[in-house]
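Enquirer: Starting from these lines, generate the structure:
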Amino acid sequence: NITPIMVNMSDIYTLAMAYQQISLSMAKTGKGLGRLVGIVNTASFRGAVIPCELMRPEHYERTLHENFIGPTFLIMKWLPSIKALRGRIINVGSVFGTVALPLLQPHSASHAAMESYMDSLRMEMSIKQVMVSQIRVGWFKEQGPPDKGMY
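Expert: As a prediction, the model looks like this:
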């Protein structure tokens, strides 16, 4: 069974609440916490597209929370269950974690951090027989509000 969960990755409090809700839901259904066998993270936030001299710390902060801190928080919370069942962790990242472009410094930096984290996690978890995968997405046309476009 797959249950998609939508959470605000930039807010650790809502991430912790989502973790608690999922844990309680699993306990009520009798599936228990140990039944979670995988995580698929699809969080990605482009953030500001402006020259580096106009960037402010908050541009980096939100993007790092959405693309790196939030996903790693959830992985850390669920890792004991995933390890116990030899499950899987999948992160859908961005090609801009390996190739930087002008005007996208926070986006590239946050995805580079996630790339490094996933590489390290993959090496550590391989001896535990936990599959860790990183998917790099390139350019595509987003469906969404008018302020979104090529990503």
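
Enquirer: Could you use CA atoms for every contact and neighbour count after this?
Expert: Will do.

Enquirer: Point me to the helix or strand that includes L15.
Expert: helix 12-28 (DSSP states H and E).

Enquirer: who does that helix touch, helix- and strand-wise?
Expert: Here helix 12-28 touches helix 70-84, going by 3 or more C-alpha pairs under 8 Å, 6 or more residues apart in numbering; DSSP states H and E.

Enquirer: and the helix or strand just after the helix it packs on, how far out from the chain's middle?
Expert: Later in the chain than helix 70-84, the nearest helix or strand by DSSP H and E is strand 88-94. Taking the mean of its C-alpha atoms, strand 88-94 sits 7 Å from the chain's own mean (C-alpha atoms, centre = their mean, to the nearest Å).

Enquirer: neighbours of R122, just the number please.
Expert: R122 is flanked by 19 other residues according to other C-alpha atoms under 10 Å.

Enquirer: What are the contacting residues of the helix or strand immediately after the helix holding L15 in the chain?
Expert: Using DSSP H and E, the helix or strand that follows helix 12-28 in sequence is strand 38-41. With contacts defined as C-alpha atoms under 8 Å, 6 or more residues apart in numbering, strand 38-41 is touched by 71, 75, 82, 87-92.

Enquirer: Tabulate those (JSON lines), appending neighbour count.
Expert: Formatted as JSON lines, the contacts of strand 38-41 follow (neighbours: other C-alpha atoms under 10 Å):
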{"residue": "P71", "neighbour count": "22"}
{"residue": "I75", "neighbour count": "18"}
{"residue": "I82", "neighbour count": "23"}
{"residue": "G87", "neighbour count": "19"}
{"residue": "R88", "neighbour count": "19"}
{"residue": "I89", "neighbour count": "22"}
{"residue": "I90", "neighbour count": "17"}
{"residue": "N91", "neighbour count": "19"}
{"residue": "V92", "neighbour count": "18"}
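
Enquirer: Go through stretch 125-136 and flag the buried ones.
Expert: Of the residues in stretch 125-136, 125, 130-134 count as buried by neighbour count, 16 or more other C-alpha atoms under 10 Å.
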